[in-house]
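> Any chance you could fold what I've pasted below:
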Amino acid sequence: MGKDVSDKEMVKVIADFLEMGHVENIMAMFKQEPRYYGMTGDILRDERYMVRMGMAVLFEELAAIRAEEVKLAVPALVPLLAENNPILRGEAANLLAIIGSPEALAALKPLLADPDPQVAEIACDALATN
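You can find the predicted model right below:
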């Protein structure tokens, strides 16, 4: 993808590919262009379930082979932990748990008292296993 493509357009392209199940293509893109980690929060804002599921699969695969690189997504994910929407908080918490860095896990601690029991459970499980 050329540099003439805006970040907003790239977020849509990535989300559309994830919805179609093309996780391998997106993984190749993230490997080639680490700045895409900074778009993680915007991609998670997509309302399509398959996009959010695709992000979890993408991060599980990338974390296994590029543990240092996936940490680049932490600054894009942390703001989602303060969103009103528990789905966004939960999805961001899930990716932070997959990343598993000290910074990512520290961001999850306040979610132990989240008003949504599923979000609190994601944080609890992540902190218990890491």
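> Excluding chain neighbours, what is closest to Lys125?
Quick fix: residue 125 reads Asp, not Lys. Ala97 (7.2 Å; C-beta to C-beta, 6 or more residues apart in numbering). For the C-beta atoms, the positions are set from N, CA and C on the backbone; glycine is no exception.
> Now do the same contact list for that neighbour.
Listed by C-beta atoms under 8 Å, 6 or more residues apart in numbering, the contact partners of Ala97 are 104-105, 108, 122-123, 125-126, 129-130.
> mind putting the residues you listed in JSON lines, pLDDT included?
Conversion of the contacts of Ala97 to JSON lines gives the following (pLDDT from 0 to 100):
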{"residue": "Ala104", "pLDDT": "97"}
{"residue": "Leu105", "pLDDT": "96"}
{"residue": "Leu108", "pLDDT": "97"}
{"residue": "Ile122", "pLDDT": "95"}
{"residue": "Ala123", "pLDDT": "95"}
{"residue": "Asp125", "pLDDT": "95"}
{"residue": "Ala126", "pLDDT": "92"}
{"residue": "Thr129", "pLDDT": "85"}
{"residue": "Asn130", "pLDDT": "74"}
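> Farthest pair within those residues?
With distance counted by C-beta to C-beta, no two of the contacts of Ala97 lie farther apart than Ala104 and Asp125, which are 13.8 Å apart.
> higher neighbour count, the two?
Neighbours of Ala104 and Asp125, each counted by other C-beta atoms under 10 Å, are more numerous for Ala104; the result is 23 against 14.
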